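Chemist: 3D, please:
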Amino acid sequence: MQKLNQLGLELISMKQELLNVNHSEVVRKALLFHVENMTENKLIEVDTQVELTNKDMLLDDFKTYLMAKPSYMKTLEELRGEYDALRESILEKMKTDIDFTSHSDVERENLTFIQTFELDVEWVKEYFGVSDVEVPKLVKENGFIAKFAVLRLNKLTSEFLKSSVEKHDLVEVKRGEHLYNNIETSSYCLDLIYTVKVEHAENELNHELIASYMSDTSNAINQYVVSHLT
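Modeler: Numbers count the residues shown, from 1 in each chain. Got it, this is the predicted structure:
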């Protein structure tokens, strides 16, 4: 993901021109005059002007210099907006009825998609053949259902990941570290986490491949888990 803002990219372009040994002295003087105007108009700092016009500072070093200056970088909000657009594009291409939650992790430069397996009250009543009155005792914290869910969901997801999920170049799949309780629904939940590096998601040609892999994997593991819990 390009982290430099428009001003930063303009400065990179100007540095390339200033380093171009094929330019005539007239062109170079015009470039230097433009740089001086940018400084006078407070678009860039004096130290940036110095580094920009320094013949001994190469392009990569200048880029590193700019990336240490917040004024030449996109804000977190701008980057998050770009990440979100990539994430939504992938979600739109998925072919599954699985209700994914997702978020953009700007700090780690990842897109995260989460598939949740949930053992809710209705499942408890049907699976164990118990009445509404008996349910609260079973779903209480550290109760029977909690222990059953930990063992069963962990086992089923682990089995599937080991035997049926092939490693993918664009998507990392792993099970959430902990089973957790959804207080609102009195359900026990376990997440399957799909992680996509933004460097892979930047290429729009990868979106179909990523969406297809996550759709196929989520459908298959959901079918596997459900079939072993009914």
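Chemist: report all helices and strands that the lowest-mean-pLDDT helix or strand in the chain contacts.
Modeler: Least confident helix or strand, the chain: helix 135-139 with a mean of 77, by mean pLDDT, DSSP states H and E. The helices and strands touching helix 135-139, judged by 3 or more CB pairs under 8 Å, 6 or more residues apart in numbering; DSSP states H and E, are helix 121-128, helix 144-164. Glycine gets a C-beta too; all of them are placed from N, C-alpha and C.
Chemist: make CSV out of those helices and add mean neighbour count and distance to residue 216.
Modeler: Shown next, in CSV, are the helices and strands packed on helix 135-139 (neighbours: other CB atoms under 10 Å; distance: least, CB to CB, whole Å):
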stretch, mean neighbour count, distance to residue 216
helix 121-128, 15, 25
helix 144-164, 15, 10
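Chemist: wait, which of those helices is closest to residue 203?
Modeler: Among the helices and strands packed on helix 135-139, the nearest to residue 203 by CB to CB is helix 144-164 (26.3 Å).
Chemist: and that closest one, C-alpha only, in PDB?
Modeler: C-alpha atoms of helix 144-164 as PDB (Å, rounded to 0.1, in the frame of the first residue of the first chain):
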ATOM      1  CA  PHE A 144     -21.400 -28.500  30.900                       C
ATOM      2  CA  ILE A 145     -22.000 -26.800  27.600                       C
ATOM      3  CA  ALA A 146     -19.000 -24.600  28.000                       C
ATOM      4  CA  LYS A 147     -16.800 -27.600  28.500                       C
ATOM      5  CA  PHE A 148     -18.500 -29.600  25.700                       C
ATOM      6  CA  ALA A 149     -18.100 -26.600  23.300                       C
ATOM      7  CA  VAL A 150     -14.400 -26.200  24.000                       C
ATOM      8  CA  LEU A 151     -13.700 -29.900  23.400                       C
ATOM      9  CA  ARG A 152     -16.000 -30.500  20.500                       C
ATOM     10  CA  LEU A 153     -15.500 -27.300  18.500                       C
ATOM     11  CA  ASN A 154     -11.700 -27.400  19.000                       C
ATOM     12  CA  LYS A 155     -11.600 -31.000  17.900                       C
ATOM     13  CA  LEU A 156     -13.700 -30.500  14.800                       C
ATOM     14  CA  THR A 157     -12.100 -27.400  13.600                       C
ATOM     15  CA  SER A 158      -8.600 -28.800  14.200                       C
ATOM     16  CA  GLU A 159      -9.400 -32.000  12.300                       C
ATOM     17  CA  PHE A 160     -10.700 -30.000   9.300                       C
ATOM     18  CA  LEU A 161      -7.800 -27.600   9.200                       C
ATOM     19  CA  LYS A 162      -5.200 -30.400   9.400                       C
ATOM     20  CA  SER A 163      -6.900 -32.700   6.900                       C
ATOM     21  CA  SER A 164      -8.800 -30.500   4.400                       C
END
